[in-house]
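*Asks:* Let me see the structure of the following:
(chains A and B)
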Protein chains: 2
Amino acid sequence: MTGPRYTELSKALPASVPFVGPETAERAQGKGFTARLGANENVFGPSPKALEAMAAADIWKYGDPESYDLKIALAEKHGVAPENIAIGEGIDGLLSYLVRLLIAPDDKVVTTAGAYPTFNYHVVGYGGDIHTVPYVDDKESPELLLSKTREVDAPLVYIANPDNPMASVHGAAKMQSMIDNLPEGATLCLDEAYIEFAPEGCVPKIDVSHPRVIRFRTFSKAYGMAGARVGYAIAHKDFIKNFDKVRNHFGMNRAAQAGALAALHDNAYLEQTLENVHEAKARIAKIAQNNGLVPLPSATNFVAIDCGRGADFAKAIVGALGALGVFIRMPFSEPQNRCIRVSAGTKADLDLLEKALPKALKCAEKETA
Amino acid sequence: MTGPRYTELSKALPASVPFVGPETAERAQGKGFTARLGANENVFGPSPKALEAMAAADIWKYGDPESYDLKIALAEKHGVAPENIAIGEGIDGLLSYLVRLLIAPDDKVVTTAGAYPTFNYHVVGYGGDIHTVPYVDDKESPELLLSKTREVDAPLVYIANPDNPMASVHGAAKMQSMIDNLPEGATLCLDEAYIEFAPEGCVPKIDVSHPRVIRFRTFSKAYGMAGARVGYAIAHKDFIKNFDKVRNHFGMNRAAQAGALAALHDNAYLEQTLENVHEAKARIAKIAQNNGLVPLPSATNFVAIDCGRGADFAKAIVGALGALGVFIRMPFSEPQNRCIRVSAGTKADLDLLEKALPKALKCAEKETA
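*Replies:* Model (predicted):
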């Protein structure tokens, strides 16, 4: 018997995964990681109030398909109307909806080589044609992105500010200039997943009168709820309304909705988290320096560390640290893949990192000698 | 400034919702429901072990993108390989992936008029062309579905067994015959969301050597975890592998994964739930009869009640019960929309239903006189 009749598009797709999960890596190496510092999760976890709300969430009921209460609270926080907010299954889920709305096969999409792979996964999945520009000084470049967007007449351009995996950031003025110079017909996807960790002055004004700027925020990073899958988009109400055409209306986990709402109201906890992350990053930087490596400035909850040689060396460090129980990741593209990427950890996590890094470096040196 | 450049397909889509959530209805009527008996949720909730596992799930971590542990357990339960299982964000999420894999604009899809609307929502969303056949004796008809599939040469045909909204069911032999007569080139989507409530002898053999039969199960119904969003597909491994092309790899809620795994291992609780549901349905049937209405046989966790007149009367009952604090729903299509649909409830829920139904009937009679 023959198999299903797949669409031409899905026949052409690879059975891929944007990146390998830590559990997969643990199973592959036959033992678990002691320090989980590779997925830019937030080891300090969610507010106890969020945990409480999740436990009390009547999980036998479907979530409210409008995520109404959470939407109202987010609208208030950002000084916009509820009609300017779309809530979804993490930024990943929302990026999928965005791409589906805008990208048909062969439509062009512009991003930075080595930027967020899950965005690319969705673009490829809908048959989009990805055009990349390089990092400039380890930053995504608004100028290059815009000029490429103009050049190929792309309906969609992606930038993350702050950036992952390099932890760099642009100031608000630079980002505002990108918005102001966005070509007619192009939509700017501004991924602000890490924005809460950035220094003051990196958030261009939220202006929902612009019809083609969509910003993404998440509860996965600063709010410590990666496993809950709550992200949201802020945009013009006509743009937001279009998500109702394609989203999985009953797709939100009810406990996640309740947890996000409670987390949003616990500012003291958020402040404490940001301080914890700040301290952890300072220690990661010091550990790097003590080992002759160069930590890059970080506006996120992780540190990109320049290991001073090529990708093979960085890759060997990632492998050796993994074998020593420390899960980290590294950038995908040249020349960013001279770096390793270490997420903020607990004191115990970083004690282990401190102990393991010199050994891992020796291993990596031997391996790449 | 102009808006985003939407694809031709998304421009043509309505900003729709498969159906209105109870919270939306509550906000519309300005007060909450006391008995929530409209969404076929399971008021008896999840196993305490599932609740415990969800609370202990380290929600700061992303879920395992392979849902490995849960997949292994499900494979064991069904006597198949892990490669035969795809886990997703509820059956709804998986249906979306299935349709995306198989349906390009204008591809034909066959289903029953008035069957699960979220399936249709996804088909429309990918530009599919829905062809329907009618219910026969309040059952979805394998014969009509297959003949229509042949007639229009559809790559995809949907059936739910047991059925929602009519609660009817076919025996295994009937379903096996549908599988055996599936036309070459057509994929059978067999939605078994309610199968745990069905009497013995309604499950055709799980045969993962068939390349074009895909079955869907869920933790939303018998396992009482609708708000968690965990469903799974069972199919040939080549078919399952294709889901990796389009699914949101990091889309699963980590607590939901853990909860589902724990629920799966608590058979005693499941048995108790099935008994509770059985009793609740018997009482719903009795309440219906005491009010001169005709409950239909139920193989699910809800009862379809024939109200003996047209859709207007049933609709008036739904409205009147809602105003009295009892949330129920009704079928969408003629002649099934002569019925109302009441989910199994707690004793308190059904006490309220018993009290409210005579009043609601009077209201509805007046309204439709």
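*Asks:* contacts, neighbours, all on C-alpha from now
*Replies:* Will do.
*Asks:* what helix or strand does residue A:308 sit in?
*Replies:* Using DSSP states H and E, residue A:308 sits in no helix or strand.
*Asks:* contacting residues for it?
*Replies:* Taking CA atoms under 8 Å, 6 or more residues apart in numbering or on different chains, we find residue A:308 in contact with A:293, A:294, A:338, A:339.
*Asks:* tell me the phi and psi of it?
*Replies:* Dihedral pair for residue A:308: phi 80, psi 0, per degrees, to the nearest 10.
*Asks:* roughly how far apart are it and residue A:135?
*Replies:* As judged by CA to CA, to the nearest Å, residue A:308 and residue A:135 stand 17 Å apart.
*Asks:* thinking again about what came up before, export the contacts of residue A:308 as a markdown table, with columns for secondary structure and pLDDT.
*Replies:* As requested, the contacts of residue A:308 are exported to a markdown table (DSSP: H, G, I helix; E, B strand; the rest coil; pLDDT from 0 to 100):
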| residue | secondary structure | pLDDT |
| --- | --- | --- |
| A:293 | coil | 98 |
| A:294 | strand | 98 |
| A:338 | helix | 97 |
| A:339 | strand | 98 |
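*Asks:* quick one: which of those is nearest residue B:256?
*Replies:* residue A:339 (34.6 Å; CA to CA).
*Asks:* Could you report the distance from that closest one to residue B:191?
*Replies:* 48 Å.
*Asks:* So these two - more neighbours on which side?
*Replies:* Between residue A:339 and residue B:191, counted using other CA atoms under 10 Å in any protein chain shown, the more crowded position is residue A:339 (33 against 23).
*Asks:* can the lengthiest helix in chain A be found next to chain B?
*Replies:* Longest helix in chain A, counting residues (DSSP state H): helix A:267-290. No. On the criterion CA under 8 Å from any CA of the partner chain, helix A:267-290 is out of touch with chain B, staying 12.4 Å away.
*Asks:* Convert that helix to CSV, retaining C-alpha atoms only.
*Replies:* The C-alpha trace of helix A:267-290 is given here as CSV (Å, rounded to 0.1, in the frame of the first residue of the first chain):
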residue,chain,number,x,y,z
ASN,A,267,7.3,42.5,40.5
ALA,A,268,9.4,42.0,43.7
TYR,A,269,10.2,38.5,42.6
LEU,A,270,11.0,39.7,39.1
GLU,A,271,13.4,42.2,40.5
GLN,A,272,15.1,39.6,42.7
THR,A,273,15.4,37.3,39.7
LEU,A,274,17.1,40.1,37.6
GLU,A,275,19.5,40.6,40.5
ASN,A,276,20.3,36.9,40.7
VAL,A,277,20.9,36.7,37.0
HIS,A,278,23.1,39.8,37.1
GLU,A,279,25.3,38.3,39.8
ALA,A,280,25.4,34.9,38.1
LYS,A,281,26.5,36.5,34.8
ALA,A,282,29.3,38.5,36.6
ARG,A,283,30.5,35.2,38.1
ILE,A,284,30.4,33.4,34.7
ALA,A,285,32.4,36.3,33.2
LYS,A,286,35.0,36.0,36.0
ILE,A,287,35.3,32.2,35.6
ALA,A,288,35.8,32.8,31.8
GLN,A,289,38.5,35.4,32.5
ASN,A,290,40.2,33.2,35.0
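*Asks:* just how off-centre is the next helix or strand after that helix within its chain?
*Replies:* Following helix A:267-290 in sequence order, the next helix or strand is strand A:294-295 (DSSP H and E). Chain-centre distance of strand A:294-295: 21 Å, with CA atoms, centre = their mean, to the nearest Å.
*Asks:* after strand A:294-295, next one along is what?
*Replies:* Strand A:294-295 is succeeded, C-terminally, by strand A:302-306 (DSSP H and E).
*Asks:* same question for whichever helix or strand comes after that next one, mean pLDDT?
*Replies:* Once strand A:302-306 ends, the next helix or strand along the chain (criterion: DSSP H and E) is helix A:311-323. Average pLDDT, helix A:311-323: 97.
*Asks:* which residues sit against helix A:311-323?
*Replies:* Taking CA under 8 Å, 6+ apart as the rule, helix A:311-323 contacts A:29, A:33, A:307, A:327-330, A:334-335, A:337-340, A:356-357, A:360-361, A:363-365, A:367-368.
*Asks:* okay, the angle between it and strand A:302-306?
*Replies:* Compare the direction of helix A:311-323 with that of strand A:302-306 by axes from the mean of the first three to the mean of the last three CA atoms, to 10 degrees and you get 130 degrees.
*Asks:* Would you map the strands across chain A?
*Replies:* Along chain A, the stretches classed as strands by DSSP state E are A:35-36, A:85-88, A:108-112, A:129-133, A:156-160, A:187-191, A:213-218, A:231-234, A:294-295, A:302-306, A:326-327, A:339-343.
*Asks:* now these in a markdown table, with distance to chain B?
*Replies:* Shown next, in a markdown table, are the strands of chain A (distance: least, CA to the nearest CA, whole Å):
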| stretch | distance to chain B |
| --- | --- |
| strand A:35-36 | 9 |
| strand A:85-88 | 10 |
| strand A:108-112 | 12 |
| strand A:129-133 | 14 |
| strand A:156-160 | 9 |
| strand A:187-191 | 6 |
| strand A:213-218 | 9 |
| strand A:231-234 | 11 |
| strand A:294-295 | 25 |
| strand A:302-306 | 15 |
| strand A:326-327 | 13 |
| strand A:339-343 | 12 |
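*Asks:* Out of these, which gets nearest to residue B:20?
*Replies:* Proximity to residue B:20 (CA to CA) singles out strand A:85-88 among the strands of chain A, at 16.9 Å.
*Asks:* elements contacting the closest one?
*Replies:* helix A:68-78, strand A:231-234, helix A:237-242 (3 or more CA pairs under 8 Å, 6 or more residues apart in numbering or on different chains; DSSP states H and E).
*Asks:* Which positions in the worst-scoring helix or strand of chain A on mean pLDDT come out as buried?
*Replies:* Within chain A, no helix or strand scores below helix A:22-29, which has a mean of 93 by mean pLDDT, DSSP states H and E. By neighbour count on 16 or more other CA atoms under 10 Å in any protein chain shown, the buried set for helix A:22-29 is A:22, A:23, A:24, A:26.
*Asks:* Specify the angle between it and helix B:68-78 in degrees.
*Replies:* Using the same axes, to 10 degrees: helix A:22-29 against helix B:68-78 is 80 degrees.
*Asks:* what does helix A:22-29 rub up against?
*Replies:* Helix A:22-29 has contacts (CA under 8 Å, 6+ apart) with A:32, A:33, A:36, A:38, A:39, A:323, A:327, B:64, B:66.
*Asks:* most neighbours, which of the residues you listed?
*Replies:* Among the contacts of helix A:22-29, the one with the most neighbours (other CA under 10 Å) is residue A:327, at 26 neighbours.
*Asks:* contacting residues for that residue?
*Replies:* Going by CA under 8 Å, 6+ apart, residue A:327 touches A:22, A:33, A:34, A:35, A:36, A:37, A:38, A:318, A:321.
*Asks:* Residue A:25 versus that one, what's the distance?
*Replies:* Separation of residue A:327 from residue A:25 (CA to CA): 9 Å.
*Asks:* same check, this time on residue A:307
*Replies:* For residue A:307, the distance to residue A:25 - CA to CA - is 22 Å.
*Asks:* what about the helices in the stretch 1-150 of chain A?
*Replies:* Remark: helices assigned in the stretch 1-150 of chain A by DSSP state H, counting those that start in this stretch are A:8-12, A:22-29, A:48-55, A:68-78, A:90-102, A:117-125, A:142-152.
*Asks:* which of those sits most buried?
*Replies:* Across those, the average number of neighbours (mean count of other CA atoms under 10 Å in any protein chain shown) peaks for helix A:90-102, which reaches a mean of 25.
*Asks:* Point out the other helices and strands that that one packs with.
*Replies:* Where contact means 3+ CA pairs under 8 Å, 6+ apart, helix A:90-102 is packed against helix A:117-125, strand A:213-218, strand A:231-234, helix B:8-12.
*Asks:* pLDDT averaged over it - what is it?
*Replies:* 98.
*Asks:* Same question for stretch A:227-246.
*Replies:* Here the average pLDDT along stretch A:227-246 is 98.
*Asks:* before we move on, back to that, name the nearest of the buried residues of helix A:22-29 relative to chain B.
*Replies:* residue A:23 (6.0 Å; CA to the nearest CA).
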